[in-house]
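Engineer: Need coordinates for the below:
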Amino acid sequence: MAAQRGAQALESGDRDGAIAIFRGLAEGDLPDMDRSAMCVNVAILHDQKGDANGALTWYDKGVELESRHRRFAVSELRAGYLAQIGRTRESLDQFLRLLERPDLNLGDRDRIARIVQRLQSHPGR
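Structural biologist: As a prediction, this is how the structure comes out:
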């Protein structure tokens with residue numbers, strides 16, 4: 001399977017090769033949710049290379065794919081990534097938008113509300 005080849009490339013230290021494989025899968029004909037997972041892989045690898053803009057581009061692609069199915073896992077990862085790279089205000093805004101979703105279950109709502117409280121108590125840029 002191609003995803004395994006990507007993981008093997010990464011294990012052997014070929015980050016660019018892994019990006020190429022996961023990118024091909026993300027842009028291929030897999031189901032949207034699988035493609036969104038590949039977008040996350042590419043985003044993480046761009047972050048590891050120090051390319052925050054590239055990472056955010058790939059998180060955005062994953063968000064677009066998952067949103068077609070009323071999912072929000074990649075959106076939540078993107079919001080967390082924004083906080084990780086010091087873009088706290090943008091992170092908070094995204095988590096607040098997530099908190100407005102009518103399809104959140106109680107566990108999701110509680111988890112996101114705790115993150116919002118934490119971000120509000122540590123404002124950043």
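
Engineer: so where's this protein shaky on pLDDT?
Structural biologist: Applying pLDDT under 70 to the predicted model, the residue ranges of the chain that meet it are 123-125.

Engineer: one more time with 50
Structural biologist: For the chain, no stretch has pLDDT under 50.

Engineer: Could I get the full set of helices for the protein?
Structural biologist: When assigned using DSSP state H, the helices of the chain occupy the ranges 2-11, 15-26, 32-48, 52-67, 73-84, 88-99, 106-121.

Engineer: mind giving me JSON lines with these and columns for mean neighbour count?
Structural biologist: For the C-beta atoms, the positions are set from N, CA and C on the backbone; glycine is no exception. Output for the helices of the chain, formatted as JSON lines (neighbours: other CB atoms under 10 Å):
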{"stretch": "helix 2-11", "mean neighbour count": "15"}
{"stretch": "helix 15-26", "mean neighbour count": "19"}
{"stretch": "helix 32-48", "mean neighbour count": "21"}
{"stretch": "helix 52-67", "mean neighbour count": "19"}
{"stretch": "helix 73-84", "mean neighbour count": "20"}
{"stretch": "helix 88-99", "mean neighbour count": "18"}
{"stretch": "helix 106-121", "mean neighbour count": "13"}
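
Engineer: Show me how the record splits the chain into domains.
Structural biologist: The record's domain split for the chain, according to automatic domain parsing, is 1-71, 72-125.

Engineer: end-to-end on stretch 12-31?
Structural biologist: The first and last residues of stretch 12-31 sit 28 Å apart, counting by CA to CA, to the nearest Å.

Engineer: got the contact list for it?
Structural biologist: Contacts of stretch 12-31 with the rest of the structure, by CB atoms under 8 Å, 6 or more residues apart in numbering, involve 2-3, 5-7, 9-10, 34-36, 38-39, 41-42, 45-46, 48-49, 58, 61-62.
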